[in-house]
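S.K.: Need a 3D model of the following:
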Amino acid sequence: MRPRDVFDMVLVVLVSIVLYIEFYGTTTSGAGAIKEIADALVNIDPMYYLIVGGVFGVIFVSYITIYLPQKHSQNP
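M.R.: The predicted model follows:
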């Protein structure tokens, strides 16, 4: 792995930990927080999952059809 990749992974982990502590505090009963998150995800209307999936699908297809061919054509 390149040093930049390691830095990015450490940064993501640290930001995730800080956000978790900011939202849920430092309680030792993490099962309660996990249950709250799971309940919130289960109670979301399936239409929102479809919308988010569609947006990610459009971004992914755009990445494959626009960015990758341009990147490939620039490399010898």
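S.K.: now the strand or helix carrying residue 57: how far from the chain's centre is it?
M.R.: Element membership for residue 57, per DSSP states H and E: helix 46-62. Chain-centre distance of helix 46-62: 13 Å, with C-alpha atoms, centre = their mean, to the nearest Å.
S.K.: which parts of it are buried?
M.R.: Neighbour counts over helix 46-62 (16 or more other C-beta atoms under 10 Å) mark no residue as buried. C-beta: built from backbone N, CA, C; applies to glycine.
S.K.: go on, stretch 60-76?
M.R.: By neighbour count on 16+ other C-beta under 10 Å, the buried set for stretch 60-76 is empty.
S.K.: For it, the averaged confidence score.
M.R.: On average, the pLDDT along stretch 60-76 is 82.
S.K.: Need the CA coordinates for that stretch. CSV is fine.
M.R.: The C-alpha trace of stretch 60-76 is given here as CSV (Å, rounded to 0.1, in the frame of the first residue of the first chain):
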residue,chain,number,x,y,z
PHE,A,60,-21.2,4.6,-11.0
VAL,A,61,-22.3,4.3,-14.6
SER,A,62,-21.0,7.9,-15.3
TYR,A,63,-17.7,7.0,-13.7
ILE,A,64,-17.4,3.9,-15.9
THR,A,65,-18.5,5.5,-19.1
ILE,A,66,-17.0,9.0,-18.8
TYR,A,67,-14.0,9.1,-16.4
LEU,A,68,-12.4,5.7,-17.0
PRO,A,69,-12.2,6.0,-20.8
GLN,A,70,-10.7,9.4,-20.5
LYS,A,71,-8.2,8.2,-18.0
HIS,A,72,-7.3,5.2,-20.0
SER,A,73,-6.8,7.2,-23.2
GLN,A,74,-4.4,9.6,-21.4
ASN,A,75,-2.1,6.8,-20.3
PRO,A,76,0.3,5.4,-23.0
